[in-house]
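>>> no FASTA, just this:
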């Protein structure tokens, strides 16, 4: 396995000159921020954090995170206002304001993607005021423990996570964050040790702040329904693996099992998916024999971490409603860039006009049930008694197509994501596999559909 | 209620002259049997049993039951041989041999339907050799308790059972036998008392040999899964209500409840169903939006009590198989005269070509599952991991229509009734709503379909 991993490392580890460049650019940003603070009379100072600061960045991950640290006692509104003032001055016109727990600014700078994030400089990490305040502490913890050798192991872990599709804590992915990759590698001492251990993980696996596996069930009880618990060494109340979904967890465990029984570069560099042509998409859909319903609307301008939970909520609401009315969704997914799409693939999309309405068993009075339906316009047959002794009516069904069902479900804005309800009202459309041609002109959407139709764990492609 | 019941009685009670005729014909049959016994040197004698013997027959029920009683010690084969010899001699060419627990002969005789049934003359009814040996004991028990007034009440009970569709212990109906109607009326003292009591029956209701309700659960435990228990006064080990299905039980209880809240002649004389025209049938099916599958084959010449259980078994097997493959049967029924039909009405009769195959959860090894399907011709997508952490493949489905599924199920003769498997092999056909025109030329089948499509408790017609 050694030569394999050496090869992988050669491909994912930045060269000396790449690291030199990154360092120079990052230092430049830090100096720029500090200068602007001085110019604007703001009492704050910049700190480089994240994988570039720690030397654990993958070659093509060109993200620079610079935090602007404010004194602990500053009121929050002031921090946000002053922080943005500095960040905007640094970024100039190219800056884009974004919003996580509080606002920050993103900019492109000399080929790098730079985040300028205002936060509090909190000494005691258990008393932080906002999630980002933890980052400088993570920085310190990791920095103190990383040797050059361990840095290489972290790169292997990250590359493996990325290759198997579980890298990233953002809500679109619900996978393993960079910090979690670092902690797991540090705790196990090497990438290979981590893989050997993870191949045997069960949902509920827990690691304490000291990096040791916890055998008792206490942590699993506290962090209920979280498949993986890795206690943050800088804050024992926090599970660094909280964003990891059961799907990502199981995918990673399967990847480890499969990698051990057949180590291969494809776990790190899976075969890319080729975008399918319209004809290929049509052929694949025909082979499946299903129907697509696509709920498409303009992106209401939300950051992914706010948008995706709302898209997933909408997706779940549609699936539940369809199921309740008797339709069957075989698979579904969501997609977004400037447009948003909730894709529902139906294995049962038409229902007969007749539906069965069961009444009470013989031990309960049936008078009301019979009176209710006897004179109904919808009655096709009944009342009669079934083999189980229950009263039965057969009634005309109101809606007989899944599309009508989705159309009606969309009216019920409570079941949708908050901002999505409005976006749909402003111009949502219901498309199907024949009318999605317009969307397919978007290369991103075409890739999404291509991946959907050929869905497969990356290392089996 | 009194005048209503008097009116009903006028319509269902045989007139004096009708009773005179019946008595004369029945006595004639008895004399004929005794004369043939003498002529053939057979040591047996005839006895008139059943409702004509007890004066509890409905006006249009023209059935005469004559039993040929043989001494207890006679070997069974001899009884069957000698019994048939006598019966054949009596019936002549018009006789038709039939088979229940042992063979008997049926004939038309002066406008009556006559059964000539050989049986043992067993003194102690708890030591009978065959079910028919009980009949003479029932005869005696009922005869001793019936007054003229009670006879009228029995007629009302029978007419009510017939009108509400639950009269008859045969396996086609699974309802209340004539003897059970007599017992229930005797036990309650009148038709009206019976109806008042039955309106409150729950499944598991039990009556002892003395006709009193049994409150403890003992009888319900012995006669498990039988909705109604009425102990035979001539044999405490036998439940006279054993043939009553939960459906018939619940129908009768509902009828009693509804009759009490609105007494009406329609409970005794429901509106008749008019046979629907082809156009009406087509319209009704279109309104339901379902598909019919009809498994049709020639009646293998079985008596109804043997045929119907086999038809029901076949029906159940088809429903189970269809359900297992993902199709949905909304309702079904069976029909027979010279042809037999298992009718399946499908609310879901087409499935997409893709089907989901779930693999093990993450806590189990997935290697075998993946190897099995990875190189399969049927693979459309997968392996991937679902939200619950399980491995998933999407495979091509072999059969995508319910008709193919039934066609294949019919091959598996174990799931069919024994004689039905052969009848189907010899020439079964699979029809649907468009190809059933030939069958509809049979008036009986047309009535069956008409009743099926307008199914309704008779008193709600």
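Everything's here; your move. The structure displayed is predicted, hence computed values, not measured ones.

>>> which residues of the stretch 301-450 of chain A fall in helices?
Using DSSP state H, counting those that start in this stretch, the helices of the stretch 301-450 of chain A run over A:304-324, A:367-374, A:402-411, A:418-425, A:437-440, A:443-453.

>>> switch the ones you listed over to a markdown table; also include mean neighbour count and distance to chain B.
Yep, even glycine has a C-beta here, placed from its N, CA and C like the rest. Shown next, in a markdown table, are the helices of the stretch 301-450 of chain A (neighbours: other CB atoms under 10 Å in any protein chain shown; distance: least, CB to the nearest CB, whole Å):
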| stretch | mean neighbour count | distance to chain B |
| --- | --- | --- |
| helix A:304-324 | 18 | 10 |
| helix A:367-374 | 15 | 7 |
| helix A:402-411 | 18 | 13 |
| helix A:418-425 | 18 | 20 |
| helix A:437-440 | 15 | 19 |
| helix A:443-453 | 18 | 7 |
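
>>> and those helices, which one's lowest on average pLDDT?
The weakest mean pLDDT among the helices of the stretch 301-450 of chain A belongs to helix A:418-425, with a mean of 86.

>>> which helices and strands does that helix pack with?
Judged by 3 or more CB pairs under 8 Å, 6 or more residues apart in numbering or on different chains; DSSP states H and E, helix A:418-425 is in contact with strand A:291-298, helix A:304-324.

>>> same list, these, but as TSV with distance to residue B:286 please.
Formatted as TSV, the helices and strands packed on helix A:418-425 follow (distance: least, CB to CB, whole Å):
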stretch	distance to residue B:286
strand A:291-298	22
helix A:304-324	25
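
>>> now for the ones you listed, which one comes closest to residue A:423?
Judged by CB to CB, the one of the helices and strands packed on helix A:418-425 that comes nearest to residue A:423 is strand A:291-298, at 4.6 Å.

>>> in stretch A:159-174, what counts as buried?
Neighbour counts over stretch A:159-174 (16 or more other CB atoms under 10 Å in any protein chain shown) mark A:159-169, A:171-174 as buried.

>>> now the end-to-end length of it.
With CA to CA, to the nearest Å as the measure, stretch A:159-174 spans 17 Å from end to end.

>>> show the average pLDDT along it.
94.

>>> hmm, that stretch touching chain B?
No: judged by CB under 8 Å from any CB of the partner chain, stretch A:159-174 and chain B are separated, with a smallest distance of 9.6 Å.

>>> neighbours of residue A:303, how many?
Neighbourhood size, residue A:303 [other CB atoms under 10 Å in any protein chain shown]: 13.

>>> my guess is it contacts residue A:100, does it?
Yes: with contact defined as CB atoms under 8 Å, residue A:303 counts as touching residue A:100 (6.9 Å).

>>> tell me the domain ranges of chain A?
Using automatic domain parsing, the domain ranges for chain A come out as A:10-130, A:146-267, A:278-350+A:400-460, A:354-396.

>>> wait, what's in contact with residue A:36?
Residue A:36 sits next to A:42, A:86, A:89, A:90 when contact means CB atoms under 8 Å, 6 or more residues apart in numbering or on different chains.

>>> let me fix that: residue A:420
A:297, A:300, A:310, A:311, A:313, A:314, A:340.

>>> was I right to think the second one contacts residue A:417?
The reference is to residue A:300. No: using CB under 8 Å, residue A:300 is not in contact with residue A:417; the gap is 9.1 Å.
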